[in-house]
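Trainee: Got a sequence here, can you model it:
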Amino acid sequence: MDVIERIKGTLGSHPIVLFMKGTPQFPMCGFSSRTSQALKAVGANFHSVNVLEDPEIRANLPRYSNWPTFPQLFIHGELIGGCDITLELYESGELERLVQDAQKV
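Mentor: Numbers count the residues shown, from 1 in each chain. Just a heads-up that it's a prediction; the model follows:
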């Protein structure tokens, strides 16, 4: 399967997706760690993709999202941003609202 189709499939299968270096349990960079911690702090049930284990996604996601760095947070298939934006949203309370809306059944 084409890597762009795999990215779209992942985004379509999960309301909240974090493309990160490492995993939420074992982040491999500080930015990924802080982003996953902010998501956990607001009770997010999120799917993570370790881009270090998938070189195709690591190489192609920045072109797909038009965002050059990792981590990348998507909610309902829409790019929210990286670590700085996620932390700003967390501090303002907006991240919790976005997460709650995304997790409504």
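Trainee: so how far is stretch 81-99 off the chain centroid?
Mentor: Counting by Cα atoms, centre = their mean, to the nearest Å, stretch 81-99 is centred 12 Å from the centre of its parent chain.
Trainee: now the end-to-end length of it.
Mentor: One end of stretch 81-99 to the other measures 14 Å (Cα to Cα, to the nearest Å).
Trainee: Use 24 as the first number from now on
Mentor: Shifting the count to begin at 24 puts that one at stretch 104-122.
Trainee: What are the buried residues along it?
Mentor: By neighbour count on 16 or more other Cβ atoms under 10 Å, the buried set for stretch 104-122 is Gly104, Gly105, Cys106, Thr109, Leu110, Leu112, Tyr113, Leu118, Glu119, Leu121, Val122. From N, CA and C alone the C-beta is placed, and that goes for glycine too.
Trainee: now those residues in JSON lines, with pLDDT, secondary structure and distance to Leu84?
Mentor: Formatted as JSON lines, the buried residues of stretch 104-122 follow (pLDDT from 0 to 100; DSSP: H, G, I helix; E, B strand; the rest coil; distance: Cβ to Cβ, whole Å):
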{"residue": "Gly104", "pLDDT": "97", "secondary structure": "strand", "distance to Leu84": "13"}
{"residue": "Gly105", "pLDDT": "97", "secondary structure": "coil", "distance to Leu84": "12"}
{"residue": "Cys106", "pLDDT": "98", "secondary structure": "helix", "distance to Leu84": "15"}
{"residue": "Thr109", "pLDDT": "98", "secondary structure": "helix", "distance to Leu84": "16"}
{"residue": "Leu110", "pLDDT": "98", "secondary structure": "helix", "distance to Leu84": "20"}
{"residue": "Leu112", "pLDDT": "98", "secondary structure": "helix", "distance to Leu84": "20"}
{"residue": "Tyr113", "pLDDT": "98", "secondary structure": "helix", "distance to Leu84": "22"}
{"residue": "Leu118", "pLDDT": "98", "secondary structure": "helix", "distance to Leu84": "21"}
{"residue": "Glu119", "pLDDT": "97", "secondary structure": "helix", "distance to Leu84": "25"}
{"residue": "Leu121", "pLDDT": "97", "secondary structure": "helix", "distance to Leu84": "20"}
{"residue": "Val122", "pLDDT": "97", "secondary structure": "helix", "distance to Leu84": "21"}
